[in-house]
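Sequence and predicted structure are below.
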Amino acid sequence: MKLRKALMMILAGILLAGVLAACGNSPNNAGDQNAAAGGQNPGAGSTQTGEPQPGAQKGEQVVNVYSARHYEVDDVLFRQFTDATGIKVNVIKGEAEELIERIKREGASTGADLFFTVDGGVLAYAKESGILEPVASSVIEQNVPAKYRDKENHWIGVATRARVIVYSKDRVDPAQLSTYEDLADPKWKRKVLARSSSSLYNVSLLASFIALKGEAAAEAWAKGIVANFARDPQGGDRDQAKAIVAGIGDVAIMNTYYVGLLAHSKDPEEVKVAEQVGVFFPNQETDGTHINISGIGLVKHGKHKENAIQLIEFLTGKEAQETLTNANFEFPVNPAAERAEYIKAWGEFKEQELDFDLLHVHNAKAIEIFNKAGWK
Amino acid sequence: MELARFVRQIRRELDGWRLASLGWAAVLLLPFLFIFSAWFRKPNEQWLQIRAYLLKDYVTGTVQLTVLTGLLAAFLGVSLAWLVAAHDFPLRRFFRWALLLPLAIPPYIAAYTYSNMLSYTGVVQKTLRDLGVEVSPKWLAFGSVRGALFSFVLFLYPYVYLIARAFMERQCASWVESARLLGARPLAVFWRVALPMARPAVAGGVALVVYEVLGDYGVTSYFGIRTLTTGIFQTWFGMYDVESAMRLASWLMVAVVGLFVLERWLRRGRLYHVSGRPRPMAPVRLRGGAAAAAFAFCFVVFALGFLIPVVQLIAWASLAFEDVWKPAFWRWTLNTVAVATLAAFAVTAISLVVANVCRRRTALNQLLARWVTAGYAMPGAVIAIGILAVFIELDGVLAPLYAAMGWGDRPLVLSTSVAMLVLGYVIRFTATGYNPVEAGYENIGTRFSESARLLGHGRTRTFFRVEMPLLRGSVAVGFLLTFVEICKELPLALLLRPFNFETLATQTYRYAKDEQIILAAFPSLLVIAVSLLSVAVLHMAERRA
Amino acid sequence: MGFVEIRDLTFAYDRRQPPVIEGFSLSLEKGEILGILGPSGSGKSTLLRVIAGLEVPAAGTIVIAGKRVVDGGTFVPPEKRGVGMVFQDYALFPHLTVEQNVGFGLHRLPRKERRERVGRVLELVRMTGFERRYPHELSGGQQQRVALARALAPNPDVLLMDEPFSNLDADLRVSIRDELAAILRQAGVTCLFVTHDREDVEAVCDRYIVMEADATSSD
């Protein structure tokens, strides 16, 4: 009796193991091992807990999005899309590199239809990895100006954000601010705040400097900023704003949408923080403020191309763009869409004229320079 | 004649149980071999960069954090243990077990909770501002090394506390009382008698703390501190370079092995044998100022280590209550429970087999037991890298099989499944399941098994009909403790989890990292609730002992 | 050739230490009750364990019922030796009833036969009616009888008893001794009986040997 019970337990255990493993390995997971990386993946494997689906069985329409963005508004937009078109959106969230790697490995049997991420460098990397293909849609071309799309339309921009200088309204006169380079000047000693160099936002910023000003200038800048740090980099962008208000520093480098999020936070303390800082767009006289782009790409071997293109058209359409900017305070790419009231107050600004591909090209160098400069 | 005897020996030794144990030990060897194999390959460019700029930072970060935490946790744990074991003061009985509770809060949860509480918009600074009190932000700066130390020391000291307290309560009485009778002042009694005698116990507790710190990723990454473990994550995920990650892992492994040896050496102080039955100490009654001080000390630690974080989390959770109940939440919970159950089950099975084999205390058996449970000292990141390397290799080897089964050209089946995560958990937490089971075997002794065998039952039958029923309690304790440890665990889960597979721990971490603390509160509370289970079990098991 | 033949048995716990049993020989007739008398530490319990197969001797041979169970190249495991043993503390399975305990060694028999055999052997030790009790509900003397029944039930070739009376009160010893002797004779089982008490041996055994601290046999 006891023997049988024990055997039952073992059997149950094996079955459970089998089920879990099977959940993770639908025969869809054919893929090539990437020779370049020596067949190694960052350990984030591929268990699909029920998504993405082929969807063709019940006549149900689906589109599968692999997204590296984690903003609540994305889910809202996807829901609106489903309501409007009846196409179900399955979202798989992960880190950008792991998502790209997975799509690569899955090869022709991938479940992904769209790849959605933040940062132009990542989009360029995705294109370079050969997982995307051109989007052909006049609607999209109308919605999105060419500068916010890949040259061959392998990816389509959905929103942008600027990385700006945020300053204490009490202690800093905006007339003192001018350029990024100026922040490296000794007069800002012990007054500058920024987050860690491990953040992709900072790496892309530096990559843009390498592209526009050259390595030497970028390195000098990084070293200058490090010398001016009010404290060692810690926390996220929002923490830099809080640190300004707390008096730890006077200026900080951060993304524009965070200021918007702070100002509309459920926490009244955070709103107060937003009220006490100002936003300054540097380099208006020179090469423009650094912007970065969120974009979405059509996966080459995706199975629901039409649905995918429809989703892109939706996301770049006026309505969705306005929803996006109002909820997340990013800048819409669609010129017909109105920016959120809050960010309209900042006015127009000159953007860096940069091919987003360069953010990827100089990525490794930027990391190296950060390490050399001691930007933690 | 010799050969015949040898053959006879072999045939006797190699029953199914032994073979299974040895087989498992061999499996365990693989990940570590793979990690070391990285050294035999040419270093890539990334590694040279790392070596030039980052390695020193990683090593200093690791060493600094580990040494400081170890010392502080030792101090806090031992002083509290001594206070509670040897003295009587108001609410002492309450504190005796309440001081264990901080163990239920994983350090990474504590880190982000305090960090947000003390931040500019957090409740502390806000209240101070409302009261018109000006406090320089430097005082409340809860970041970087200070914050990490706080998170580690205040939430890991119970390891030291528990072991030291158990020791002091039971073994010290005669010596301490003699010392008192000889007129030694209380502090001298502590320094010169209790502390030196407790050294082996304390060393064991501190070792546990140190291993946790070495393997931590949640706290150190949150505060942006560079350690070998965060370096491993960074090179793996950020720079996508598994080779360099393996090299870092091997460095870390060397450090751990060194510590392991050091721990064994420190614990060899079995010089202080207890003669006679262990009996409890007669506590010294504290009065007046001393009593108040003792009470205050314990209360402050308890409040900081449990009360305050939990209350804050509950407050946050109540703000976000509706947001939490989405289907994804159930999925994470289900994932957590499923994986933890499976892994705990495997751990229990392995523990039962190996502990049974190791009941005979030969040198080989001792080594086997030591080896199988060594995973508790190994950082999750190291284990993860090793497993990954092995599985990728395995997938490569099995590729023709996959092709034959129609799964396409060279897919990565094993190395992308939950199997890796489960294996990682098993390697890491076998000790947790093994210790209670080993104690259980020791308790029942050999006579029942021997009787059963003399009555014609083979080893396996005996196990199921006699030993298992008698071991039920130990097995349950082992299973439960392992289950809880797995639910709390973060680094392994982050590294080895399959695509789109979140556990409560990883999701909490993700929310906290995205600065969405309010959403993180509820899953955190769930993790804490599960951990409280293990504290309860520890407490009850200790009471029965 | 005796029913049980032991030749030149040598056993040491640790190769570095002197052997506990050295060059020991013994011969036992079928149905004989042999006592082994000796002080504690003389290795008598160890001897039983070696005979039972719970320890491996360094040298020597043991033959039971014509079958070689131990020699230079052979080692028959305990479950196959046909040896029954009553431990000093009886070792009754605490989670099983008396009936289940006694029937434990009869797992190869079909249920009906098993029940019959259990009944018969319980009758032999005069514990009929106690089938459903658990060991912790029994007195010391009762436990001993159940332990005996359990060991006898599978009809062992030889029965080993390790200091069976040491756990009993002095007054109980006398009555139980005589009872035990009667039971053993009635069962007709070959028995090896180890004790440090001369009176036990004289009451129960047909003959006895004395084991000194260096374990040489003498009569």
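Good, I have the coordinates. Residues are numbered from 1 along each chain as shown, chains lettered A, B, ... in the order given.

alpha carbons only for contacts and neighbour counts from here, please
Will do.

thinking B:Ala104 is in contact with B:Ser531, fair?
Yes. With contact defined as C-alpha atoms under 8 Å, B:Ala104 counts as touching B:Ser531 (4.7 Å).

in chain C, which spans are helices?
Using DSSP state H, the helices found in chain C span residues C:44-52, C:98-102, C:111-124, C:140-152, C:170-187, C:198-204.

Tell me the gap between stretch A:168-183 and the middle of its chain.
27 Å (C-alpha atoms, centre = their mean, to the nearest Å).

ok, residues contacting it?
With C-alpha atoms under 8 Å, 6 or more residues apart in numbering or on different chains as the contact definition, stretch A:168-183 has outside contacts at A:165, A:167, A:192, A:221, A:224-225, A:244-245, A:250-251, A:276-278, A:280, A:282-284.

Could I get the buried residue list for it?
Neighbour counts over stretch A:168-183 (16 or more other C-alpha atoms under 10 Å in any protein chain shown) mark A:168-169, A:177-183 as buried.

any chance of the residues you listed in JSON lines, with pLDDT and secondary structure too?
Listed next are those as JSON lines, based on pLDDT from 0 to 100; DSSP: H, G, I helix; E, B strand; the rest coil:
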{"residue": "A:Ser168", "pLDDT": "94", "secondary structure": "strand"}
{"residue": "A:Lys169", "pLDDT": "93", "secondary structure": "coil"}
{"residue": "A:Leu177", "pLDDT": "91", "secondary structure": "coil"}
{"residue": "A:Ser178", "pLDDT": "91", "secondary structure": "coil"}
{"residue": "A:Thr179", "pLDDT": "93", "secondary structure": "coil"}
{"residue": "A:Tyr180", "pLDDT": "93", "secondary structure": "helix"}
{"residue": "A:Glu181", "pLDDT": "93", "secondary structure": "helix"}
{"residue": "A:Asp182", "pLDDT": "92", "secondary structure": "helix"}
{"residue": "A:Leu183", "pLDDT": "93", "secondary structure": "helix"}
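
Find the closest residue to chain B in chain C.
C:Glu79 (4.0 Å; C-alpha to the nearest C-alpha).

list the contacts for the most centrally placed residue in chain B?
Closest to where the C-alpha atoms of chain B average out (C-alpha atoms, centre = their mean) is B:Glu212, at 5.7 Å. Taking C-alpha under 8 Å, 6+ apart, we find B:Glu212 in contact with B:377, B:379.

ok, it to chain C distance?
40 Å (C-alpha to the nearest C-alpha, to the nearest Å).

Quick check: which element contains that residue?
Counting by DSSP states H and E, the element that carries B:Glu212 is helix B:195-215.

Averaged pLDDT, that helix. What do you get?
Average pLDDT, helix B:195-215: 85.

Run the chain-centre distance for that helix.
For helix B:195-215, the distance to the chain centre is 12 Å (C-alpha atoms, centre = their mean).

following it, which helix or strand comes up?
With DSSP H and E, the next secondary element past helix B:195-215 is helix B:218-222.

Contacts for the helix or strand just after that next one next, please.
Sequence order places helix B:228-233 as the next helix or strand after helix B:218-222, per DSSP H and E. Here helix B:228-233 makes contact (C-alpha under 8 Å, 6+ apart) with B:55, B:58-59, B:61-62, B:214-217, B:220-221, B:244-246, B:248-249, B:252, B:379, B:381, B:495.

so for stretch B:418-427, what's the average pLDDT?
Mean predicted lDDT for stretch B:418-427 stands at 91.

List the buried residues in stretch B:167-186.
B:167-177, B:179, B:184.

Could I get the buried residue list for stretch A:327-342?
In stretch A:327-342, counting by 16+ other C-alpha under 10 Å, buried: A:327-334, A:337-340.

how far does that stretch stretch from start to finish?
This stretch, stretch A:327-342, spans 11 Å end to end (C-alpha to C-alpha, to the nearest Å).

quick one on the thing from earlier: let me see the contact set for the closest residue to the residue of chain C closest to chain B other than its chain neighbours.
Leaving aside its chain neighbours, C:Glu79 sits nearest to B:Gly456 (4.0 Å; criterion: C-alpha to C-alpha, 6 or more residues apart in numbering or on different chains). When contacts are counted by C-alpha under 8 Å, 6+ apart, B:Gly456 touches C:78-80, C:82, C:105.
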